[in-house]
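*Asks:* build me a model from this:
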Amino acid sequence: MKLILSVEALSPNLTGIGRYAWELAQRLPMHPRLQGVQFYRNGSWVDEPARLLQATVPTVSVGPGVSIVPKAKLTTSKPRWRLKQPRWLRDWRITSACRGKIFHGPNFFLPPCAEVGVATVHDLSVFKYPETHPAERIRHFDREFKASMTRAAHLITDSAATRLEVIDFLSWPAEKVTAVPLGVSPHFAPATANELALLLNRYGLTFNSYALCVSTLEPRKKIANLLQAYQCLTPQLRKRYPLVLVGGRGWLSEDLHGEIDRLSDQGWLKYLGFVPEADLPAIFAGARSFLYPSVYEGFGLPVLEAMASGIPVVASNFTSLPEITQNAALLLNPDNIDALADGIRTSLLDELWRPNAVAAGLAVAQTYSWDRCIEQTVAVYEKISL
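*Replies:* From the prediction side, this is the model:
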(Lines give C-alpha, C1' and ligand atoms only; values in the text may rest on other atoms or scores of the structure.)
Protein backbone atom coordinates (compact mmCIF):
# COMPACT_ATOMS: atom_id res chain seq x y z
CA MET A 1 0.00 0.00 0.00
CA LYS A 2 1.09 3.55 -0.69
CA LEU A 3 0.41 6.08 2.07
CA ILE A 4 0.47 9.83 2.56
CA LEU A 5 0.56 10.98 6.19
CA SER A 6 -0.39 14.51 7.17
CA VAL A 7 2.03 16.00 9.72
CA GLU A 8 0.36 19.32 10.61
CA ALA A 9 0.36 18.38 14.31
CA LEU A 10 4.16 18.23 14.52
CA SER A 11 5.74 21.19 16.27
CA PRO A 12 8.53 21.71 18.83
CA ASN A 13 6.09 21.61 21.76
CA LEU A 14 4.36 18.28 21.19
CA THR A 15 0.82 17.86 22.50
CA GLY A 16 -0.81 14.45 22.85
CA ILE A 17 -1.99 14.63 19.23
CA GLY A 18 1.48 15.71 18.18
CA ARG A 19 2.99 12.72 19.98
CA TYR A 20 0.56 10.43 18.14
CA ALA A 21 1.47 11.98 14.77
CA TRP A 22 5.17 11.70 15.54
CA GLU A 23 4.92 8.01 16.42
CA LEU A 24 3.08 7.39 13.15
CA ALA A 25 5.66 9.38 11.19
CA GLN A 26 8.54 7.41 12.70
CA ARG A 27 7.06 3.93 12.51
CA LEU A 28 4.82 3.73 9.44
CA PRO A 29 7.67 4.02 6.89
CA MET A 30 9.22 0.87 8.39
CA HIS A 31 6.06 -1.21 8.17
CA PRO A 32 6.47 -4.13 5.74
CA ARG A 33 3.00 -3.70 4.20
CA LEU A 34 3.56 -0.04 3.30
CA GLN A 35 5.82 1.40 0.65
CA GLY A 36 7.00 4.87 -0.14
CA VAL A 37 5.29 6.71 2.73
CA GLN A 38 5.09 10.44 1.98
CA PHE A 39 4.51 13.33 4.37
CA TYR A 40 2.23 16.26 3.64
CA ARG A 41 1.68 19.55 5.42
CA ASN A 42 -0.47 22.47 4.31
CA GLY A 43 0.11 22.08 0.58
CA SER A 44 3.78 21.04 0.78
CA TRP A 45 5.65 17.76 0.78
CA VAL A 46 7.84 17.25 3.83
CA ASP A 47 11.10 15.35 3.38
CA GLU A 48 12.11 15.13 7.04
CA PRO A 49 9.30 15.32 9.61
CA ALA A 50 11.88 15.48 12.41
CA ARG A 51 12.78 19.00 11.28
CA LEU A 52 9.31 20.16 12.28
CA LEU A 53 10.22 19.40 15.90
CA GLN A 54 13.16 21.81 15.84
CA ALA A 55 12.54 25.05 17.69
CA THR A 56 14.44 26.97 14.99
CA VAL A 57 11.76 26.22 12.37
CA PRO A 58 9.24 29.12 12.46
CA THR A 59 5.55 28.26 12.59
CA VAL A 60 2.30 30.20 12.51
CA SER A 61 -0.66 28.62 14.31
CA VAL A 62 -3.90 28.41 12.33
CA GLY A 63 -5.91 25.84 14.29
CA PRO A 64 -5.83 22.89 16.70
CA GLY A 65 -2.38 21.42 16.35
CA VAL A 66 -2.15 22.98 12.87
CA SER A 67 0.55 25.46 11.96
CA ILE A 68 2.04 26.76 8.75
CA VAL A 69 5.75 26.34 8.12
CA PRO A 70 7.37 28.31 5.28
CA LYS A 71 7.68 25.94 2.34
CA ALA A 72 11.37 26.64 1.85
CA LYS A 73 11.94 25.01 5.23
CA LEU A 74 10.11 21.85 4.23
CA THR A 75 11.09 21.01 0.70
CA THR A 76 14.44 20.44 -0.92
CA SER A 77 16.00 20.89 -4.36
CA LYS A 78 13.99 24.01 -5.29
CA PRO A 79 16.34 26.87 -6.18
CA ARG A 80 15.25 30.17 -4.68
CA TRP A 81 15.46 31.98 -8.01
CA ARG A 82 12.83 29.72 -9.57
CA LEU A 83 9.55 31.42 -10.43
CA LYS A 84 6.73 30.53 -8.10
CA GLN A 85 4.28 28.07 -9.57
CA PRO A 86 0.71 29.24 -10.14
CA ARG A 87 -1.49 27.94 -7.37
CA TRP A 88 -3.73 26.01 -9.76
CA LEU A 89 -0.71 24.16 -11.12
CA ARG A 90 0.67 23.43 -7.66
CA ASP A 91 -2.73 22.15 -6.48
CA TRP A 92 -3.12 20.01 -9.61
CA ARG A 93 0.29 18.44 -9.10
CA ILE A 94 -0.48 17.63 -5.45
CA THR A 95 -3.86 16.17 -6.36
CA SER A 96 -2.23 14.05 -9.06
CA ALA A 97 0.42 12.84 -6.61
CA CYS A 98 -2.30 11.74 -4.16
CA ARG A 99 -4.14 9.54 -6.66
CA GLY A 100 -4.03 5.84 -5.91
CA LYS A 101 -2.74 6.43 -2.38
CA ILE A 102 -4.33 6.28 1.06
CA PHE A 103 -4.22 9.63 2.83
CA HIS A 104 -4.23 9.59 6.64
CA GLY A 105 -5.08 12.78 8.51
CA PRO A 106 -4.13 12.02 12.15
CA ASN A 107 -5.45 15.35 13.41
CA PHE A 108 -9.15 15.42 12.38
CA PHE A 109 -8.73 16.89 8.88
CA LEU A 110 -8.21 15.71 5.32
CA PRO A 111 -7.17 18.11 2.53
CA PRO A 112 -9.00 18.39 -0.82
CA CYS A 113 -6.30 16.29 -2.52
CA ALA A 114 -7.18 13.21 -0.44
CA GLU A 115 -8.74 10.68 -2.82
CA VAL A 116 -9.12 7.84 -0.30
CA GLY A 117 -8.88 9.12 3.25
CA VAL A 118 -8.63 7.97 6.84
CA ALA A 119 -9.13 10.61 9.53
CA THR A 120 -8.40 10.25 13.23
CA VAL A 121 -11.05 11.97 15.35
CA HIS A 122 -9.55 12.26 18.82
CA ASP A 123 -12.60 13.70 20.54
CA LEU A 124 -15.69 15.83 19.94
CA SER A 125 -15.04 18.49 22.55
CA VAL A 126 -15.08 21.30 20.01
CA PHE A 127 -18.70 20.39 19.24
CA LYS A 128 -19.88 19.27 22.67
CA TYR A 129 -18.08 21.93 24.71
CA PRO A 130 -17.45 24.81 22.30
CA GLU A 131 -17.27 27.26 25.21
CA THR A 132 -14.00 25.62 26.28
CA HIS A 133 -12.24 26.35 22.97
CA PRO A 134 -10.89 29.56 21.43
CA ALA A 135 -13.00 31.20 18.74
CA GLU A 136 -10.32 30.64 16.09
CA ARG A 137 -10.49 26.90 16.65
CA ILE A 138 -14.28 26.87 16.37
CA ARG A 139 -14.07 28.75 13.07
CA HIS A 140 -11.44 26.34 11.79
CA PHE A 141 -13.68 23.34 12.49
CA ASP A 142 -16.69 25.12 11.01
CA ARG A 143 -14.74 25.68 7.79
CA GLU A 144 -12.96 22.37 7.41
CA PHE A 145 -14.35 19.48 9.42
CA LYS A 146 -17.51 18.67 7.48
CA ALA A 147 -15.62 18.67 4.18
CA SER A 148 -12.97 16.41 5.68
CA MET A 149 -15.62 13.90 6.73
CA THR A 150 -16.93 13.72 3.16
CA ARG A 151 -13.42 12.72 2.02
CA ALA A 152 -12.97 10.04 4.69
CA ALA A 153 -13.61 6.39 3.85
CA HIS A 154 -12.91 5.36 7.46
CA LEU A 155 -12.47 7.04 10.85
CA ILE A 156 -10.10 6.13 13.66
CA THR A 157 -10.67 7.04 17.31
CA ASP A 158 -8.31 6.62 20.27
CA SER A 159 -10.81 4.79 22.47
CA ALA A 160 -14.01 2.77 22.33
CA ALA A 161 -15.77 5.52 24.29
CA THR A 162 -14.95 8.08 21.61
CA ARG A 163 -15.84 5.61 18.87
CA LEU A 164 -19.40 5.33 20.22
CA GLU A 165 -19.62 9.12 20.50
CA VAL A 166 -18.47 9.59 16.90
CA ILE A 167 -20.89 6.99 15.54
CA ASP A 168 -23.78 8.66 17.34
CA PHE A 169 -22.85 12.33 16.92
CA LEU A 170 -21.70 12.15 13.29
CA SER A 171 -24.19 9.42 12.28
CA TRP A 172 -21.40 7.29 10.85
CA PRO A 173 -21.80 3.57 10.10
CA ALA A 174 -20.31 1.56 12.94
CA GLU A 175 -18.30 -0.61 10.56
CA LYS A 176 -16.48 2.50 9.30
CA VAL A 177 -15.23 3.67 12.70
CA THR A 178 -12.41 1.77 14.43
CA ALA A 179 -10.95 2.37 17.89
CA VAL A 180 -7.16 2.14 17.89
CA PRO A 181 -5.66 2.78 21.36
CA LEU A 182 -2.51 4.86 21.64
CA GLY A 183 0.75 3.52 23.04
CA VAL A 184 3.28 4.52 25.65
CA SER A 185 7.01 5.00 25.22
CA PRO A 186 9.34 2.63 27.11
CA HIS A 187 11.04 5.75 28.44
CA PHE A 188 8.15 6.05 30.89
CA ALA A 189 9.15 3.55 33.57
CA PRO A 190 9.81 3.40 37.32
CA ALA A 191 13.17 4.77 38.44
CA THR A 192 15.13 5.25 41.65
CA ALA A 193 15.94 8.47 43.47
CA ASN A 194 19.61 8.18 42.46
CA GLU A 195 18.73 7.74 38.80
CA LEU A 196 16.55 10.85 38.80
CA ALA A 197 18.41 13.14 41.17
CA LEU A 198 20.32 15.18 38.60
CA LEU A 199 17.32 16.03 36.44
CA LEU A 200 14.91 16.60 39.33
CA ASN A 201 17.42 18.98 40.93
CA ARG A 202 17.40 21.00 37.73
CA TYR A 203 13.69 21.65 38.25
CA GLY A 204 13.92 22.10 42.01
CA LEU A 205 12.07 18.84 42.68
CA THR A 206 12.65 16.08 45.22
CA PHE A 207 11.99 12.42 44.50
CA ASN A 208 8.65 11.07 45.82
CA SER A 209 7.82 14.45 47.34
CA TYR A 210 5.37 16.10 44.94
CA ALA A 211 2.04 15.48 43.29
CA LEU A 212 2.07 15.92 39.52
CA CYS A 213 -0.40 17.07 36.88
CA VAL A 214 0.64 17.18 33.21
CA SER A 215 -1.93 18.98 31.09
CA THR A 216 -2.43 21.89 28.74
CA LEU A 217 -4.14 24.62 30.71
CA GLU A 218 -7.57 24.74 29.09
CA PRO A 219 -11.04 24.78 30.66
CA ARG A 220 -12.04 21.12 30.21
CA LYS A 221 -8.92 19.95 32.06
CA LYS A 222 -10.43 21.31 35.32
CA ILE A 223 -7.13 22.62 36.66
CA ALA A 224 -9.00 25.31 38.62
CA ASN A 225 -10.89 22.54 40.44
CA LEU A 226 -7.59 20.81 41.20
CA LEU A 227 -6.17 23.98 42.74
CA GLN A 228 -9.31 24.46 44.80
CA ALA A 229 -9.19 20.86 46.05
CA TYR A 230 -5.50 21.11 46.89
CA GLN A 231 -6.23 24.10 49.10
CA CYS A 232 -8.51 21.82 51.16
CA LEU A 233 -5.42 19.92 52.30
CA THR A 234 -3.72 21.02 55.49
CA PRO A 235 -0.87 23.53 55.10
CA GLN A 236 1.50 20.87 56.46
CA LEU A 237 0.48 18.34 53.79
CA ARG A 238 0.75 20.92 51.00
CA LYS A 239 4.22 21.89 52.21
CA ARG A 240 5.31 18.26 52.42
CA TYR A 241 3.91 17.36 49.00
CA PRO A 242 3.66 20.45 46.76
CA LEU A 243 1.64 20.31 43.55
CA VAL A 244 3.63 20.51 40.32
CA LEU A 245 1.87 21.58 37.10
CA VAL A 246 3.46 20.83 33.73
CA GLY A 247 1.96 21.96 30.43
CA GLY A 248 1.55 24.75 27.93
CA ARG A 249 -0.40 27.92 28.66
CA GLY A 250 -3.36 26.77 26.59
CA TRP A 251 -6.34 28.99 25.92
CA LEU A 252 -9.08 30.76 27.88
CA SER A 253 -6.77 30.51 30.88
CA GLU A 254 -5.94 34.09 31.83
CA ASP A 255 -7.80 33.94 35.15
CA LEU A 256 -6.28 30.54 35.90
CA HIS A 257 -2.77 31.87 35.40
CA GLY A 258 -3.52 34.68 37.81
CA GLU A 259 -4.56 32.10 40.40
CA ILE A 260 -1.45 30.01 39.67
CA ASP A 261 0.75 33.05 40.28
CA ARG A 262 -1.03 33.80 43.55
CA LEU A 263 -0.80 30.24 44.87
CA SER A 264 2.80 29.81 43.71
CA ASP A 265 3.72 32.69 46.02
CA GLN A 266 2.44 30.56 48.92
CA GLY A 267 5.16 28.00 48.23
CA TRP A 268 3.14 24.83 47.64
CA LEU A 269 2.48 25.16 43.90
CA LYS A 270 5.10 25.00 41.13
CA TYR A 271 4.15 25.70 37.53
CA LEU A 272 6.90 24.49 35.21
CA GLY A 273 5.14 25.37 31.95
CA PHE A 274 6.19 23.38 28.92
CA VAL A 275 8.87 20.78 29.70
CA PRO A 276 11.06 19.24 26.96
CA GLU A 277 9.98 15.79 25.88
CA ALA A 278 13.23 14.22 27.02
CA ASP A 279 12.72 15.43 30.62
CA LEU A 280 9.13 14.27 31.09
CA PRO A 281 9.80 10.60 31.97
CA ALA A 282 11.98 11.59 34.91
CA ILE A 283 9.45 14.12 36.20
CA PHE A 284 6.73 11.45 36.00
CA ALA A 285 8.82 8.77 37.69
CA GLY A 286 9.87 11.13 40.47
CA ALA A 287 6.33 12.05 41.52
CA ARG A 288 4.47 10.62 44.49
CA SER A 289 1.12 10.64 42.69
CA PHE A 290 -0.46 11.79 39.45
CA LEU A 291 -3.64 13.89 39.34
CA TYR A 292 -5.74 14.26 36.19
CA PRO A 293 -9.17 15.84 36.76
CA SER A 294 -10.01 16.42 33.07
CA VAL A 295 -13.75 16.26 32.42
CA TYR A 296 -13.44 15.20 28.78
CA GLU A 297 -10.75 13.09 27.08
CA GLY A 298 -10.55 11.17 23.84
CA PHE A 299 -7.83 9.02 25.42
CA GLY A 300 -5.79 10.66 28.19
CA LEU A 301 -2.18 9.83 27.27
CA PRO A 302 -0.61 11.43 30.40
CA VAL A 303 -2.60 9.00 32.57
CA LEU A 304 -1.11 6.05 30.68
CA GLU A 305 2.37 7.55 30.96
CA ALA A 306 1.89 7.98 34.71
CA MET A 307 0.83 4.35 35.18
CA ALA A 308 3.82 3.18 33.14
CA SER A 309 6.04 5.27 35.42
CA GLY A 310 4.83 3.47 38.53
CA ILE A 311 2.83 6.37 39.98
CA PRO A 312 -0.58 6.04 41.69
CA VAL A 313 -3.21 7.85 39.60
CA VAL A 314 -6.27 9.87 40.59
CA ALA A 315 -8.37 10.80 37.56
CA SER A 316 -11.79 11.84 36.36
CA ASN A 317 -14.47 9.18 35.97
CA PHE A 318 -15.71 10.71 32.69
CA THR A 319 -15.46 9.72 29.00
CA SER A 320 -12.49 7.50 28.07
CA LEU A 321 -10.58 7.51 31.36
CA PRO A 322 -12.37 4.53 32.98
CA GLU A 323 -11.69 2.53 29.82
CA ILE A 324 -8.02 3.49 29.63
CA THR A 325 -7.21 2.97 33.32
CA GLN A 326 -9.06 -0.40 33.61
CA ASN A 327 -9.72 -0.15 37.37
CA ALA A 328 -6.10 0.71 38.13
CA ALA A 329 -6.78 4.36 39.11
CA LEU A 330 -8.89 6.11 41.70
CA LEU A 331 -11.66 7.68 39.63
CA LEU A 332 -13.98 10.46 40.81
CA ASN A 333 -16.10 13.39 39.72
CA PRO A 334 -13.71 16.35 39.40
CA ASP A 335 -16.56 18.81 39.96
CA ASN A 336 -16.96 17.41 43.49
CA ILE A 337 -14.21 19.36 45.23
CA ASP A 338 -14.46 17.43 48.50
CA ALA A 339 -14.19 14.10 46.69
CA LEU A 340 -11.23 15.39 44.69
CA ALA A 341 -9.49 16.55 47.86
CA ASP A 342 -10.09 13.15 49.48
CA GLY A 343 -8.66 11.45 46.40
CA ILE A 344 -5.54 13.59 46.58
CA ARG A 345 -5.06 12.68 50.26
CA THR A 346 -5.45 9.00 49.42
CA SER A 347 -2.87 9.22 46.66
CA LEU A 348 -0.35 10.88 48.98
CA LEU A 349 -0.92 9.09 52.28
CA ASP A 350 -2.76 5.77 51.97
CA GLU A 351 0.02 3.18 52.18
CA LEU A 352 -2.44 0.32 51.66
CA TRP A 353 -3.93 1.70 48.44
CA ARG A 354 -0.77 3.20 46.92
CA PRO A 355 1.28 0.01 46.24
CA ASN A 356 -1.79 -1.77 44.87
CA ALA A 357 -2.47 1.16 42.54
CA VAL A 358 1.16 1.15 41.36
CA ALA A 359 1.12 -2.58 40.60
CA ALA A 360 -2.25 -2.40 38.84
CA GLY A 361 -1.17 0.62 36.81
CA LEU A 362 2.03 -1.02 35.64
CA ALA A 363 0.09 -4.12 34.57
CA VAL A 364 -2.40 -2.04 32.60
CA ALA A 365 0.31 0.07 30.94
CA GLN A 366 2.00 -3.08 29.64
CA THR A 367 -1.09 -3.80 27.52
CA TYR A 368 -0.53 -0.62 25.47
CA SER A 369 2.24 -0.14 22.92
CA TRP A 370 2.93 2.02 19.88
CA ASP A 371 3.77 -1.11 17.88
CA ARG A 372 0.25 -2.39 18.52
CA CYS A 373 -1.17 1.02 17.60
CA ILE A 374 0.72 0.99 14.29
CA GLU A 375 -0.35 -2.56 13.45
CA GLN A 376 -4.01 -1.80 14.09
CA THR A 377 -3.73 1.45 12.09
CA VAL A 378 -2.32 -0.39 9.08
CA ALA A 379 -5.18 -2.90 9.42
CA VAL A 380 -7.57 0.03 8.96
CA TYR A 381 -5.73 1.07 5.80
CA GLU A 382 -6.18 -2.46 4.47
CA LYS A 383 -9.93 -2.21 4.89
CA ILE A 384 -10.06 0.58 2.31
CA SER A 385 -6.97 -0.11 0.19
CA LEU A 386 -7.38 0.43 -3.52
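*Asks:* list the buried residues in stretch 109-120.
*Replies:* Using 16 or more other C-beta atoms under 10 Å as the test for burial, stretch 109-120 gives 109-111, 113-120. Every C-beta, even on glycine, is put in place using the N, C-alpha and C of the backbone.
*Asks:* residues making contact with that stretch?
*Replies:* 4, 6, 8, 20, 40, 43, 66, 91, 94-95, 97-108, 144-145, 147-149, 151-158, 380-381, 384, 386 (C-beta atoms under 8 Å, 6 or more residues apart in numbering).
*Asks:* start to end distance for it?
*Replies:* For stretch 109-120, the first-to-last residue distance is 8 Å (C-alpha to C-alpha, to the nearest Å).
*Asks:* for Leu252, which three-state class applies?
*Replies:* Assigned with DSSP: H, G, I helix; E, B strand; the rest coil, Leu252 falls in the coil class.
*Asks:* who does Leu5 bridge with?
*Replies:* Phe39, His104 (DSSP bridges).
*Asks:* let's have the buried residues of stretch 109-120 in CSV, adding distance to Val358.
*Replies:* Shown next, in CSV, are these (distance: C-beta to C-beta, whole Å):
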residue, distance to Val358
Phe109, 39
Leu110, 41
Pro111, 44
Cys113, 48
Ala114, 44
Glu115, 48
Val116, 45
Gly117, 42
Val118, 37
Ala119, 37
Thr120, 31
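*Asks:* now intersect the contacts of stretch 109-120 with the helices, please.
*Replies:* Using DSSP state H, the subset of the contacts of stretch 109-120 located in helices is 20, 91, 94-95, 97-98, 144-145, 147-149, 151, 380-381, 384.
*Asks:* can you redo the buried residues of stretch 109-120 as TSV with pLDDT, secondary structure and distance to Asp338?
*Replies:* Output for the buried residues of stretch 109-120, formatted as TSV (pLDDT from 0 to 100; DSSP: H, G, I helix; E, B strand; the rest coil; distance: C-beta to C-beta, whole Å):
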residue	pLDDT	secondary structure	distance to Asp338
Phe109	95	coil	41
Leu110	94	coil	45
Pro111	92	coil	48
Cys113	88	coil	53
Ala114	89	coil	49
Glu115	86	coil	54
Val116	87	strand	52
Gly117	94	strand	47
Val118	97	strand	44
Ala119	97	strand	41
Thr120	98	strand	37
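*Asks:* show me which of the contacts of stretch 109-120 are buried.
*Replies:* Buried among these by 16+ other C-beta under 10 Å: 4, 6, 8, 20, 40, 66, 94, 98, 101-108, 144-145, 148-149, 151-158, 380-381.
*Asks:* now Pro312, nearest residue through space, not along the chain?
*Replies:* Ala357 (4.0 Å; C-beta to C-beta, 6 or more residues apart in numbering).
*Asks:* surely that neighbour meets Leu331?
*Replies:* No. Using C-beta atoms under 8 Å, Ala357 makes no contact with Leu331, being 11.3 Å away.
*Asks:* which of those two has more neighbours?
*Replies:* Taking neighbours as other C-beta atoms under 10 Å, Ala357 and Leu331 compare with Ala357 leading, 24 against 18.
*Asks:* who does Gln120 form a beta bridge with?
*Replies:* Quick fix: residue 120 reads Thr, not Gln. The partner residues for Thr120, given DSSP bridges, come to Ile156.
*Asks:* tell me where the stretch 101-250 of the chain has helices.
*Replies:* When assigned using DSSP state H, counting those that start in this stretch, the helices of the stretch 101-250 of the chain occupy the ranges 125-128, 135-151, 160-170, 193-202, 223-230, 235-240.
*Asks:* please identify the buried residues of the shortest one?
*Replies:* Neighbour counts over helix 125-128 (16+ other C-beta under 10 Å) mark 125-126 as buried.
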